[in-house]
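**Q** predicted model, plus sequence, below.
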Amino acid sequence: DGGITQSPKYLFRKEGQNVTLSCEQNLNHDAMYWYRQDPGQGLRLIYYSQIVNDFQKGDIAEGYSVSREKKESFPLTVTSAQKNPTAFYLCASSRDRGGNQPQHFGDGTRLSIL
Amino acid sequence: QQPVQSPQAVILREGEDAVINCSSSKALYSVHWYRQKHGEAPVFLMILLKGGEQKGHEKISASFNEKKQQSSLYLTASQLSYSGTYFCGTAVMYSGGGADGLTFGKGTHLIIQP
């Protein structure tokens, strides 16, 4: 079955540590996204990519980095510069970034601070 | 700019109807609706494109008023399975006719009681 796989499901970060969240899709979608979800805040866009080797900052990119070396993969690194990383992180993909394409979401990674 | 959803929360008895609204201050190309159960991924419900069409999905339907830049999601004869948080995502229209990516509202919490 086609879909989006995020790993790990739960992740704990120590102070000063970088951690990487994995996102893989087998839907052959060009566009991929990372969102952060906090209680009462909805989904806020961190980064998006419309094509391999290209990505753009979203609304809350500070303290995060991404790469898009393969069409299927869009990992997110939460750096030590992100001072409040505790949140639910969702990866999504769509055929393209056009407004007429639905986004398909992974099951999310819940990140907490130790 | 983030669309505004109302109400923030709704509590219903099984079998009752609900309406969730989503409005934007910008000209919209499309409105997307998603439902999220607690701790799970958002699930796509439907897309409404500019043109004022109404779409349906089981007992869940939606409309898009292009003049007012508003969309409404209608849940009729609600079932326990309809409980969750409903998000609208809006794609703002470019002056050249294309569309930007999605911006999500903060969500509406729907609780269905037996």
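**A** Done, it's in. Keep in mind that this is a model prediction, so the values were computed, not measured.
**Q** what about B:Y94, distance to B:G39?
**A** From B:Y94 across to B:G39, the span is 36 Å (C-beta to C-beta, to the nearest Å). C-betas here are computed from N, CA, C, even on glycine.
**Q** tell me which parts of chain B are close to chain A?
**A** B:2, B:29-30, B:32, B:39-44, B:47, B:49, B:87, B:89, B:91, B:93, B:98-107 (C-beta under 8 Å from any C-beta of the partner chain).
**Q** 6 Å - rerun?
**A** For chain B, the residues in contact with chain A (C-beta under 6 Å from any C-beta of the partner chain) are B:29-30, B:41-42, B:44, B:49, B:91, B:99, B:101, B:104-107.
**Q** let me know the closest of those residues to A:I51.
**A** B:G101 (13.8 Å; C-beta to C-beta).
**Q** hmm, who's touching the helix or strand harbouring that closest one?
**A** Assigned by DSSP states H and E, B:G101 belongs to strand B:99-104. For strand B:99-104, contacts defined as C-beta atoms under 6 Å, 6 or more residues apart in numbering or on different chains pick out A:G42, A:L43, A:R97, A:G99, B:Q2, B:Y29, B:F87, B:G89, B:T90, B:A91, B:V92, B:M93.
**Q** equivalent analysis for stretch A:84-94, please.
**A** Contact with stretch A:84-94 is made by A:4, A:6, A:21, A:23, A:25, A:27, A:29, A:31-38, A:78, A:101, A:103-106, A:108-113, as judged by C-beta under 6 Å, 6+ apart.
**Q** make it 8 Å
**A** Contact partners of stretch A:84-94, identified using C-beta atoms under 8 Å, 6 or more residues apart in numbering or on different chains, comprise A:4, A:6, A:13, A:21, A:23, A:25, A:27, A:29, A:31-38, A:43, A:46, A:63, A:74, A:76, A:78, A:101-106, A:108-113, B:39, B:41-42.
**Q** next SSE downstream of the strand holding B:G101?
**A** Counting by DSSP H and E, what follows strand B:99-104 is strand B:108-113.
**Q** which other helices and strands contact that following strand?
**A** Using 3 or more C-beta pairs under 8 Å, 6 or more residues apart in numbering or on different chains; DSSP states H and E as the contact test, the elements touching strand B:108-113 are strand B:9-13, strand B:18-23, strand B:84-93.
**Q** and of the ones you listed, who's closest to A:G58?
**A** Among the helices and strands packed on strand B:108-113, strand B:84-93 comes nearest to A:G58, with 13.3 Å by C-beta to C-beta.
**Q** what packs against that closest one?
**A** Using 3+ C-beta pairs under 8 Å, 6+ apart: strand B:84-93 touches strand A:42-51, strand B:4-6, strand B:18-23, strand B:28-36, strand B:70-75, strand B:99-104, strand B:108-113.
**Q** for the third one, buried residues please.
**A** Using 16 or more other C-beta atoms under 10 Å in any protein chain shown as the burial criterion, the residues of strand B:18-23 that qualify are B:A18, B:I20, B:N21, B:C22, B:S23.
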